[in-house]
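Chemist: Quick one, fold the following:
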Amino acid sequence: GRQILLYAPGGMGKTHMARKLFYRLRGKYKRMAWITYGSGIRESMTMPQTNQASENPDVRFADFIHALEEEPNTILFIDDAKETAVDDLVLAQLTGLGITILLTSRCPRIAPYESWALEPITNRECVDLFYANYSQDPEQKYRDAVAELAERMERNVFAMRLLASVAGEPRRLPQLAKAMDQGNLMDHIGQLMDFSNLNQKQRRILRCLSLMPESVMLESLVAWFDFPQADLELLVEKGWLNRDREAETLVLHDLVREYCNREKPDKKTMQTFLDGAMGENFSRGAAEYEPPDFKGKVLKMFIRAVAFMEQHWDSQEDLAHAYNNLALEFQELGNYRNALEYQLKALDIWEKSHSEECLNLAISYNNVGMAYQDLGEFAKALEYLNRGLEIAKIVYADDLSNLATFYNNVGMAYLGLGKCQKALKY
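Modeler: Here you go, the predicted structure:
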């Protein structure tokens, strides 16, 4: 198989071109995979998936490599490889398998890949592209102003299309050129956002999407975040979101994502993200609409959001609930060690802030015990489950029917230890 590197600056259309090729080649290879490089190819390849056989990333990686070795008629698309790919031993290992690999990157050379450059289009082509997407100046009277803007936009294809969608009346074009005589491409993306008159809710949608994986189903966004579909459609119409009709997803362009991530997101954006991504609708929507590895990718976004809460949130109770929700997501993916880590963090907050008669403390002890039970550490599980049970007895002194779950969990821990008579008692 061939190993090809498609390189160009951001916004030139590398990913778009690779995606089109991916869909065109479906059926011509026995195995196809799309991998977003992220912080490293090995991490992306071993992202946990629902109902996966092993929580151990080393085992998942070995399984992935074994599957590739068994089927040479395979093509991998590896998108947005960073400079670290030059020394990435995993990428070198993949290259040695003899399969076909298409790599996109801003890095011009990654040995031994055959390099193909996407050259910037000329100023004249930029102007023609603008007018192909802009109908309000049919006689092209403002062509000189558009030519100036093309240089300000570094002759970026995405930026020129975006400019065409937000420019408005033709007489605004010279004003835009003058307003953009300073700054870099990222600054100009921000200016276009101002010119497009996006309201705060629409900007918040873009900021939330900048925290998500590269593409998301429209149905998922409506279900998880309660985003008005009209706002999503407007963002598509204005060019801020791209609708991938073949994959039926909405895609946030890398340049918009990079702009949104230049500054720390505001508290309201993070609250919107956390409420949606950790809510009940997320689990149901991800299972119904998204690919198997989607939730694994979103876990990284959760961790980022929780880290933001650790620095900026006033309510420790909110943080404890976030830790618990994150632990439950890890638990669902079978990643029990990480689930335990976040349950212990939640317990630390409840222990410091509440008395021995607090229901949240009882539940937290129970959750830590269940996490140890998932790991097969039944003696440790029993220690925490018993603590939770004793507190629950105080909390529910007037209604003992609420203790059934606590008793049952203690019994299951004894069963795991092989103490059947003790288990039967509980």
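
Chemist: going forward, measure contacts between C-alpha atoms and count neighbours the same way
Modeler: Fine.

Chemist: pull the helix or strand with minimum mean pLDDT from this protein.
Modeler: helix 280-289 (a mean of 52; mean pLDDT, DSSP states H and E).

Chemist: Quick one: low-confidence residue ranges for the stretch 1-150 of the chain.
Modeler: Per-residue confidence for the stretch 1-150 of the chain (pLDDT under 70) gives these ranges: 11, 38-57, 84-87.

Chemist: hang on, the earlier thing: which elements pack onto the helix or strand just after the least confident helix or strand of the chain?
Modeler: Sequence-wise, the next helix or strand downstream of helix 280-289 (DSSP states H and E) is helix 294-312. Under the contact criterion of 3 or more Cα pairs under 8 Å, 6 or more residues apart in numbering; DSSP states H and E, helix 294-312 touches helix 267-277, helix 316-332.

Chemist: And for the following helix or strand past the last one, what's in contact with it?
Modeler: It refers to helix 316-332. Downstream of helix 316-332, the first helix or strand assigned by DSSP H and E is helix 336-353. Outside helix 336-353, the residues that touch it by Cα atoms under 8 Å, 6 or more residues apart in numbering are 55, 316-317, 319-321, 323-324, 326-331, 360-361, 364-365, 367-368, 371-372, 374-375.

Chemist: ranges for the helices of the stretch 151-300 of the chain?
Modeler: With DSSP state H, counting those that start in this stretch as the criterion, the stretch 151-300 of the chain has helices at 157-166, 172-179, 185-195, 200-210, 218-225, 229-237, 254-260, 267-277, 280-289, 294-312.

Chemist: Identify whichever of those helices lies nearest to residue 148.
Modeler: Residue 148 lies closest, by Cα to Cα, to one member of the helices of the stretch 151-300 of the chain: helix 172-179, at 6.3 Å.

Chemist: angle of that closest one against helix 185-195?
Modeler: Per axes from the mean of the first three to the mean of the last three Cα atoms, to 10 degrees, the angle that helix 172-179 makes with helix 185-195 is 140 degrees.

Chemist: Which elements pack onto helix 172-179?
Modeler: Contacts defined by 3+ Cα pairs under 8 Å, 6+ apart place helix 172-179 against helix 143-152.

Chemist: low pLDDT regions in the stretch 201-350 of the chain?
Modeler: Filtered on pLDDT under 70, the stretch 201-350 of the chain yields the residue ranges 213-215, 220, 246-247, 277-298.

Chemist: do that again at 50, thanks
Modeler: Counting by pLDDT under 50, the ranges of the stretch 201-350 of the chain that qualify are 285-290.

Chemist: for the closest residue to residue 9 other than its chain neighbours, what are its contacts?
Modeler: Spatial nearest neighbour of residue 9, excluding adjacent residues (Cα to Cα, 6 or more residues apart in numbering): residue 106 at 5.2 Å. Residue 106 sits next to 7, 8, 9, 10, 80, 81, 82, 83 when contact means Cα under 8 Å, 6+ apart.

Chemist: What's the ChimeraX line that selects buried ones from those?
Modeler: To isolate the buried ones among these in ChimeraX, judged by 16 or more other Cα atoms under 10 Å, type:
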select :7,8,9,10,80,81,82
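
Chemist: Out of the contacts of residue 106, which is nearest to residue 23?
Modeler: Nearest to residue 23 among the contacts of residue 106, counting by Cα to Cα, is residue 80 at 17.9 Å.

Chemist: looking at this, that closest one is in a strand?
Modeler: Yes - assignment of residue 80 by DSSP: H, G, I helix; E, B strand; the rest coil places it within a strand.

Chemist: ok, it to residue 242 distance?
Modeler: Residue 80 sits 18 Å away from residue 242 when distances are taken as Cα to Cα, to the nearest Å.
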